[in-house]
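Peer 1: Mind looking at a prediction? Sequence and model below.
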Amino acid sequence: MNAPANALEIRDLCVSYGPIHALRGVSIDVPDKQITALLGANGAGKTSLLRTISGLIQPKSGSIKVYGEEIAGREAHVIVGKGISQSPEGRQVFPNLSVRENLQLGAYTRSDKAGIAQDMERVLTIWPRLRERLKQMSGTLSGGEQQMLAMARAMMARPRVLLLDEPSLGLAPVIVAGIFETIKEIHREGTTVLLVEQNAHLALRIASIGYVLETGTIQKCAPAAELLDDDAIRAAYLGG
Ligand SMILES: Nc1ncnc2c1ncn2[C@@H]1O[C@H](COP(=O)(O)OP(=O)(O)OP(=O)(O)O)[C@@H](O)[C@H]1O
Ligand SMILES: [Mg+2]
């Protein structure tokens, strides 16, 4: 049997925080082994969508399929076990744990010691700065280093699908360029990526497809190259 063409299929997803309707019937497909960009203004619901996929928020209704299997409403550790791993907005590393301990926590659902050691080596090869700082308390890392650690920690779950929430937020252009190179490399090695980014230009340049979320509703879905050329998208997200 062939693997499903979509890593994720999300249908009619609704999420509320009390009276606030953050997602109002969102449907998206995330094609396997591609980079999908999710754009949207502040408060559009991007983080809510990623956190719901990860099982950190329970949806009110709707379906989330991972390689054909329904996961909506399952617990977060079960969803990590299905191959979904998230690098959260604002990095959220554990500040009082060392870099090594943060990375080990990324593998918390795994028991294959040899595979974990292999992945530790892999992420330290991708991010040599983290290797130099293995014993350093994570709270004392620079912002860019904390972002690298958040992504590396997510990769320690050996995900099939990596969810990235604003990996470039607040970082200097040279660091951002490095992060986008790394995302491309992770993708080249076969990981599916769902990328939430304020930097729409960079995101659409590495993505194959893009979705635009506005106040909890998908407003547009198109090949990334088309969105880069779209006048309305240019005006709203690409600085004209
Ligand atoms: N824990 C919460 N309790 C109440 N409302 C929330 C909560 N988290 C998010 N919201 C609301 O849900 C809506 C969507 O928020 P969300 O964080 O998903 O947006 P976003 O697209 O990620 O925005 P940003 O670009 O600013 O990160 C917003 O109106 C926000 O105020
Ligand atoms: Mg957000």
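Peer 2: Structure received. Ligands and ions are numbered 1, 2, ... in the order given.
Peer 1: what residues does stretch 105-115 touch?
Peer 2: When contacts are taken as Cβ atoms under 8 Å, 6 or more residues apart in numbering, the neighbours of stretch 105-115 outside the stretch itself are 77, 80-81, 85, 94, 97, 116, 119, 152-158. C-beta: built from backbone N, CA, C; applies to glycine.
Peer 1: Narrow those residues to those in helices?
Peer 2: Among those, the members falling in helices (DSSP state H) are 77, 80-81, 116, 119, 152-155.
Peer 1: What lies in contact with the worst-scoring helix or strand of the chain on mean pLDDT?
Peer 2: Within the chain, no helix or strand scores below helix 231-237, which has a mean of 86 by mean pLDDT, DSSP states H and E. Around helix 231-237, the neighbours that count as contacts under Cβ under 8 Å, 6+ apart are 39, 41, 200, 212, 220, 227-228, 240.
Peer 1: Next: stretch 10-25.
Peer 2: Surrounding stretch 10-25, the residues in contact under the criterion Cβ under 8 Å, 6+ apart are 26-30, 45, 48-49, 52-53, 57, 59-65, 72, 215-217.
Peer 1: near ligand 2, anything from it?
Peer 2: No. Contact between stretch 10-25 and ligand 2 is absent, the nearest approach being 10.4 Å (criterion: Cβ under 5 Å from the ion).
Peer 1: quick revisit: show me which of the contacts of stretch 10-25 are buried.
Peer 2: Restricting the contacts of stretch 10-25 to buried positions leaves 26, 28-30, 45, 48-49, 52-53, 57, 59, 62, 64-65, 72, 216-217, with burial counted as 16 or more other Cβ atoms under 10 Å.
Peer 1: Just the closest residue of this protein to ligand 2, please.
Peer 2: Among all residues of the chain, T47 sits closest to ligand 2, at 3.1 Å; criterion: Cβ to the ion.
Peer 1: from the chain's centre, how far out does the helix or strand containing that residue sit?
Peer 2: Assigned by DSSP states H and E, T47 falls within helix 46-53. Averaging C-alpha positions (Cα atoms, centre = their mean, to the nearest Å) puts helix 46-53 9 Å from its chain's average.
Peer 1: Check stretch 172-186 too.
Peer 2: Stretch 172-186 sits 14 Å away from the centroid of its parent chain (Cα atoms, centre = their mean).
Peer 1: who touches it?
Peer 2: Residues lying outside stretch 172-186 but in contact with it, judged by Cβ under 8 Å, 6+ apart, are 35, 126-127, 144, 147-148, 151, 155, 162, 164, 167-168, 171, 193, 195, 199, 202, 206.
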